[in-house]
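Engineer: Prediction below, plus the sequence it came from.
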Amino acid sequence: MADTVVAERRSSQEKEMRPTGNAIDVILIASEDGSFYSTEWHVMFGWSNFKSNVRAGVGDVIDIYVNDVKLNVSMKLLEYGRCTFDHQDNEYLPPTTINWSECHLKLDGTPNSVRFQHVRDSRTYTRVVECDLYVWQPNDFAVIVDLDGTITISDVEGHIRTLRLGQYDYMHMGSCDFFTKLQSIGARILYLTARPLNWAGGSRIHIREARQENIGLPLGPVVHKNPHIFKTGVLKAIQDAMVRAGRTSPHPVFVAGFGNRPSDTLAYTDAGVPLNATFLIDPESKLQAPGSEIFGSYCDPKALLWLLPKIKYKVPIDFVRQIDELTAKELDREEDIELFYYVQRDPQPIVDVAENNPSTV
């Protein structure tokens, strides 16, 4: 009798939401006719409880909520916690029947929330996976940034410090301000990481919590990748979605890329980034693009002054004014820095005019 009462009490209460697993951020491209074209949805629920039977739960329905609005489509659970859509061509792309108009999508580049729910009557809790969804326009342009060793100072230590120790300030000097300036000219920022999918949530927290002199990193989708072949595929999938949404710009989607390995340069150029706009940074924070001088860090205004003219004519004309304004500011900043160092190198003694010209006394 007591067990029956407990069961009834549990059924009358809302189940606990229990995070388990991870998902890659999603990019939606909004076409002029009001339809949306999506990148792939990669979702994986934790399955450690089912190691004795990796097929447990296979076929279960996964409900999807965007901005707390339940979608009119769902995913299904597969082996090892993987999830897919019932789609004939690509099981990781959502069907075109989704009614996005009910989701109150943010179109200003800020993230929309996505929640995947796995409900089972036999459980007292609901398993939940979360990610972000960003809405881009077909003619947008983007800058690619590799998190590991490019934002963080090194690959392995950066992983340990940020994800395991919560030290979100372990970054190359000036990186927050540098990429915030690129976002200010209209660029979308796309973050790539080689971290395992089960660290996707930690990577998003890293980007949100990073601060340098009270400046944070610009928000943007975090996409997980492996070495350059898969990375190239991820970038081309984004391009394909923009083309399907009606892209008319003759310019490349990706106008610049930042990494720390030669394979990054190869992947970026394969995706259409001009070679002279691909930067590599070393553990000492020095960065360089092919044909450029070595810049001292992201703080060096010469780095932006090298890049901005390279991308000025590779973006829609609506963004040229912002690029010119940022270029002027960086030129002023460079002059101020050069003047400061000039004064430091060659300080002039203060001359007493009256002492040297008695006639003025």
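Structural biologist: That came through, no problem.

Engineer: ranges for the strands of the stretch 201-350 of the chain?
Structural biologist: 211-212, 215-216, 222-224, 254-259, 278-281, 287-288 (DSSP state E, counting those that start in this stretch).

Engineer: From the contact counts, what lies against the fifth one?
Structural biologist: Based on contacts counted as 3 or more C-beta pairs under 8 Å, 6 or more residues apart in numbering; DSSP states H and E, the elements that strand 278-281 packs against are strand 254-259, helix 262-270, strand 287-288. Heads up, the C-betas are built off the backbone N, CA and C, glycines and all.

Engineer: next one: the third one
Structural biologist: Other helices and strands packing on strand 222-224, by 3+ C-beta pairs under 8 Å, 6+ apart, are strand 188-193, helix 200-209.

Engineer: out of those, nearest to residue 243?
Structural biologist: Ranking the helices and strands packed on strand 222-224 by their distance to residue 243 (criterion: C-beta to C-beta) puts strand 188-193 first, at 15.9 Å.

Engineer: Just give me the lowest mean pLDDT stretch among the helices and strands packed on strand 278-281.
Structural biologist: Of all the helices and strands packed on strand 278-281, helix 262-270 carries the lowest average pLDDT, namely a mean of 92.

Engineer: which SSE is residue 195 in?
Structural biologist: Using DSSP states H and E, residue 195 sits within no helix or strand.

Engineer: separation between it and residue 81?
Structural biologist: 18 Å (C-beta to C-beta, to the nearest Å).

Engineer: Compare the two (neighbour count), which wins?
Structural biologist: residue 81 (25 against 21; other C-beta atoms under 10 Å).

Engineer: where does the stretch 1-150 of the chain have low pLDDT?
Structural biologist: Along the stretch 1-150 of the chain, the parts satisfying pLDDT under 70 run over 1-13, 48-56, 88.

Engineer: Could you rerun that using 50?
Structural biologist: Low-confidence segments of the stretch 1-150 of the chain (pLDDT under 50): 1-2, 4-13, 50, 52.

Engineer: What's the biggest helix in the chain, counting residues?
Structural biologist: helix 320-345 (DSSP state H).

Engineer: so how far is it off the chain centroid?
Structural biologist: Remark: helix 320-345 is offset 28 Å from the chain centroid, using C-alpha atoms, centre = their mean, to the nearest Å.

Engineer: One more: stretch 40-48?
Structural biologist: Per C-alpha atoms, centre = their mean, the displacement of stretch 40-48 from the mean C-alpha position of its chain is 19 Å.

Engineer: CA atoms only for it - export them in PDB, please.
Structural biologist: What follows is stretch 40-48, C-alpha atoms only, in PDB (Å, rounded to 0.1, in the frame of the first residue of the first chain):
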ATOM      1  CA  GLU A  40      23.600  18.500 -38.900                       C
ATOM      2  CA  TRP A  41      22.300  17.700 -35.400                       C
ATOM      3  CA  HIS A  42      24.800  15.500 -33.500                       C
ATOM      4  CA  VAL A  43      23.300  14.400 -30.200                       C
ATOM      5  CA  MET A  44      24.600  11.700 -27.800                       C
ATOM      6  CA  PHE A  45      23.000  10.700 -24.500                       C
ATOM      7  CA  GLY A  46      25.100   9.100 -21.800                       C
ATOM      8  CA  TRP A  47      25.000   5.300 -22.000                       C
ATOM      9  CA  SER A  48      27.300   4.300 -19.200                       C
END
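
Engineer: where do the helices sit along the chain?
Structural biologist: 2-12, 155-159, 175-184, 200-209, 228-244, 262-270, 301-312, 320-345, 353-356.

Engineer: With respect to residue 277, which of those lies nearest?
Structural biologist: Nearest to residue 277 among the helices of the chain is helix 301-312; the distance by C-beta to C-beta comes to 4.8 Å.

Engineer: which other helices and strands contact that closest one?
Structural biologist: Applying 3+ C-beta pairs under 8 Å, 6+ apart, one finds that helix 301-312 contacts helix 175-184, strand 254-259, helix 320-345.

Engineer: comparing the helices of the chain, which gets the lowest mean pLDDT score?
Structural biologist: Looking at these, the weakest mean confidence is helix 2-12, a mean of 43.
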